[in-house]
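**Q** Output the structure for:
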Amino acid sequence: MKKAGIIIAALLCAGLVCGGFYLVKQRTDTHSGENAQLTKVQKIIMKDLENSYPKTPRSVVKLYNQIITAYYENEYTEEEFEQLTVQARLLMDDALLENNPTDQYRQAVKSEVANYKNRSRTIRQTDVCDTNEVQYLTDKSNGDQLAYVTASY
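**A** Down below sits the predicted model:
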């Protein structure tokens, strides 16, 4: 009798463990399925840059590259385009924002995309330098900290 109780308890524990793994797997598949249906533009737009700004200059440039390539792929609505420009401006510092007012920046991007389409160009690949290749300098005129990141298209 004691042996049967132990076997039943072991089977119940094994069933609970298997059931737990099954539930975790189902939740993971559901969340990854939702993200898989998002377009590249929607994934960029959904990033919360105000609360989780990229931590390194290199990651800022990588995200900006993603935004640039999204502009040129031209598979977005007018509203998504507006949101892409907002995301791009969130990556800019105060000096860049001052030199690129919202309407002016939006219009410049629109005309650059139109020019790009007229020339039948494509961006096949983007590349950002390795982390150890980022150069950090101090601007002698005003003491600002600068990071130089090499990106290529």
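
**Q** make it CA atoms for all contacts and neighbour counts henceforth
**A** OK.

**Q** What separation do you get for the residue nearest in space to the middle of the chain and R119?
**A** Nearest to the geometric centre of the chain sits I44, at 4.9 Å (CA atoms, centre = their mean). I44 sits 26 Å away from R119, going by CA to CA, to the nearest Å.

**Q** hey, where'd the helices end up in this protein?
**A** In the chain, the helices defined using DSSP state H lie at 2-36, 40-45, 57-73, 78-90, 94-99, 102-118.

**Q** For the ones you listed, which has the smallest mean pLDDT value?
**A** Out of the helices of the chain, helix 2-36 stands lowest, with a mean of 60 (criterion: mean pLDDT).

**Q** Leaving out chain neighbours, which residue sits closest to L91?
**A** V60 (6.8 Å; CA to CA, 6 or more residues apart in numbering).

**Q** any idea how far E79 is from that neighbour?
**A** Distance from V60 to E79, by CA to CA: 23 Å.

**Q** V128 now?
**A** V128 is 29 Å from E79, by CA to CA.

**Q** between those two, who's got more neighbours?
**A** The neighbour comparison of V128 against E79 (other CA atoms under 10 Å) goes to V128, with 17 against 8.

**Q** So the more buried one sits against Y153, correct?
**A** No - with contacts counted by CA atoms under 8 Å, V128 stays clear of Y153, the gap being 9.1 Å.

**Q** State the number of residues packed around the spatially closest residue to Y116 that is not a sequence neighbour.
**A** Nearest residue to Y116 in three dimensions, chain neighbours excluded: Y72, at 7.4 Å (CA to CA, 6+ apart). By other CA under 10 Å, 18 other residues sit near Y72.

**Q** Done for today, thanks.
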